[in-house]
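S.K.: after the sequence you'll find the predicted model.
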Amino acid sequence: MAGELLKNLTGVDIVHVPYKGSTGARNDILSGQIQILFDSVPTMAPQIKAGMVRALGTSGKMRSPILPDVPTMAEAGVPGFNATLWVGFMAPAGTPKPIIDKLHDEITKILRRPDIKQAWEKTGATPIVMTQPEFKSFMEAQVAKWADVIKTNHIAPIN
Amino acid sequence: MALLRQIVALLALAGSVIASAPAAMADDYPSRAVKIIVPFGAGGPTDVYTRAIAEELRKSLHQPFIMENRPGAGTTIGTDLVAKSQPDGYTLLMVSGTQTVNETLYAHKPYQLMRDLVPIAPPSIPISCSWYTRRYRQKRRASCWRWRGPNPARSIMVRQVPARTITWPASF
């Protein structure tokens, strides 16, 4: 989908061929079967350092702390490009708010710990602290952004 | 009058029970193991960071936080499982960008992400990259063309190729 966003923002004509998962695609980029791949920094940083692949750009708004010399996609010439891989937690609707609050506060405490921040940044991940409304808005914006990319690029829905 | 006062007192009591129940629930929570459904296979980057948080939650909340990988149908199987679980805090979902893509991509899934689930917190953002193979660069340099953005000095190289040869994972 990051590739579709690239097409969307630049008009470059690239056809997306789906892989079942990122492992197959990763093997193919390393063996030279494919030319361009979007993958996560933690998985690919060792391959860059070993000279197996060349990093063109990081897809977030900020450079990756473990790849400080790699420009962001926006710096590399694609303004507005922002497609990061992120992780979060959800619970079934109707879960009592005090329980959600407790989990949110515990997770936030963990993410604020300097040891966690340091350990994660070594692997290329940035712990992010957001309030619940901020995380909800973030998720809603993500849903809207991808809906737009899918619509603009005429990607057929999967039934 | 006395009856009315009794009713009012009873109602007030009922109100206080209702008001204090969720707080008590949170104090006791978690009183048993909490399950985190990961709708991907084990070992990927999203799985790794969720696992790290689960381990820290186990230490701070003194109950196991057990990860259960339920891959399939582009995350919709695992996500649906949590959407239909008891909303008691004992079944949580690992969510990632993939589910926000699938909200539009999967036309007939049995849940709506932002309606049937509530966001808790975002643990991490591993920044993603675009890559270019070294072998490809050496072999194909001559046939590359430069796409010039607003900052030509930092333009990216993209080769014009037959459409079928460029690909990336659908799961991104």
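M.R.: All right, it came through fine. It should be emphasised that the depicted structure is a prediction, and the values quoted were computed from it without experimental measurement. Numbering: from 1, shown residues only, chains lettered A, B, ... in the order given.
S.K.: the residue in chain A positioned nearest to chain B: neighbouring residues, count only.
M.R.: Nearest residue of chain A to chain B: residue A:77, at 2.6 Å (C-beta to the nearest C-beta). Heads up, the C-betas are built off the backbone N, CA and C, glycines and all. Using other C-beta atoms under 10 Å in any protein chain shown, residue A:77 has 21 other residues around it.
S.K.: now it: which helix or strand?
M.R.: According to DSSP states H and E, residue A:77 maps onto no helix or strand at all.
S.K.: in chain B, which strand has the most residues?
M.R.: Counting residues, the longest strand found in chain B (DSSP state E) is strand B:117-126.
S.K.: quick check: mean pLDDT of that one?
M.R.: Mean per-residue pLDDT for strand B:117-126: 83.
S.K.: hang on, the earlier thing: list phi and psi for the residue of chain A closest to chain B.
M.R.: The phi/psi pair for residue A:77 (degrees, to the nearest 10) reads phi 120, psi 10.
S.K.: mind checking how far it is from residue A:12?
M.R.: Noted for residue A:77: a distance of 11 Å to residue A:12, by C-beta to C-beta, to the nearest Å.
S.K.: for chain A, what helix or strand is lowest in average pLDDT?
M.R.: helix A:2-10 (a mean of 70; mean pLDDT, DSSP states H and E).
S.K.: got the residue ranges for the strands in chain A?
M.R.: Shown for chain A, the strands assigned by DSSP E span residues A:36-40, A:53-58, A:87-92, A:125-127.
S.K.: adding mean neighbour count, write these out as TSV.
M.R.: Shown next, in TSV, are the strands of chain A (neighbours: other C-beta atoms under 10 Å in any protein chain shown):
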stretch	mean neighbour count
strand A:36-40	25
strand A:53-58	22
strand A:87-92	25
strand A:125-127	24
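S.K.: rewinding a little: quick check, pLDDT for the residue of chain A closest to chain B.
M.R.: So, for residue A:77, pLDDT stands at 79.
S.K.: low-scoring stretches of chain B, by residue?
M.R.: Residue ranges of chain B with pLDDT under 70: B:1-25, B:43, B:45, B:125-172.
S.K.: please enumerate the strands of it.
M.R.: Using DSSP E, strands in chain B cover B:34-38, B:65-69, B:91-96, B:117-126, B:128-133, B:144-147, B:156-159.
S.K.: next, the distance between the ends of stretch A:60-76.
M.R.: Counting by C-alpha to C-alpha, to the nearest Å, you get 12 Å between the two ends of stretch A:60-76.
S.K.: so residue B:47 makes contact with residue B:39?
M.R.: No: using C-beta atoms under 8 Å as the test, residue B:47 is too far from residue B:39 to be in contact (10.1 Å).
S.K.: neighbour count winner among those two?
M.R.: residue B:39 (27 against 19).
S.K.: how much space between the more buried one and residue A:120?
M.R.: In terms of C-beta to C-beta, residue B:39 sits 22 Å off from residue A:120.
S.K.: residue A:92 too?
M.R.: On the measure of C-beta to C-beta, residue A:92 and residue A:120 end up 28 Å apart.
S.K.: check residue A:25 too.
M.R.: 24 Å.
S.K.: between these two, point out the one with more neighbours.
M.R.: residue A:25 (25 against 22).
S.K.: any idea how far residue A:10 lies from residue A:80?
M.R.: Distance from residue A:10 to residue A:80, by C-beta to C-beta: 10 Å.
S.K.: more crowded one of the two?
M.R.: More neighbours surround residue A:10 than the other of residue A:10 and residue A:80, with 19 against 10 (other C-beta under 10 Å).
S.K.: got the domain ranges for chain B?
M.R.: As recorded under automatic domain parsing, the domains making up chain B are B:31-128, B:134-159.
S.K.: could those go into CSV alongside distance to chain A?
M.R.: As requested, the domains of chain B are exported to CSV (distance: least, C-beta to the nearest C-beta, whole Å):
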stretch, distance to chain A
domain B:31-128, 4
domain B:134-159, 3
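S.K.: quick one, which of those is packed in tightest?
M.R.: Mean neighbour count, computed with mean count of other C-beta atoms under 10 Å in any protein chain shown, is highest for domain B:31-128 among the domains of chain B, reaching a mean of 20.
S.K.: need the overlap of contacts for residue B:47 and residue B:39.
M.R.: Taking C-beta atoms under 8 Å, 6 or more residues apart in numbering or on different chains as the criterion, residue B:47 and residue B:39 both touch residue B:94.
S.K.: isn't residue A:74 right up against residue A:63?
M.R.: No: counting by C-beta under 8 Å, residue A:74 sits too far from residue A:63 to count as a contact (10.3 Å).
S.K.: looking at those two, which is more packed in?
M.R.: Neighbours per residue (other C-beta under 10 Å) separate residue A:74 from residue A:63, with residue A:74 holding more: 22 against 16.
S.K.: quick one: contacts for that one?
M.R.: Taking C-beta under 8 Å, 6+ apart, one finds A:61, A:80-82 in contact with residue A:74.
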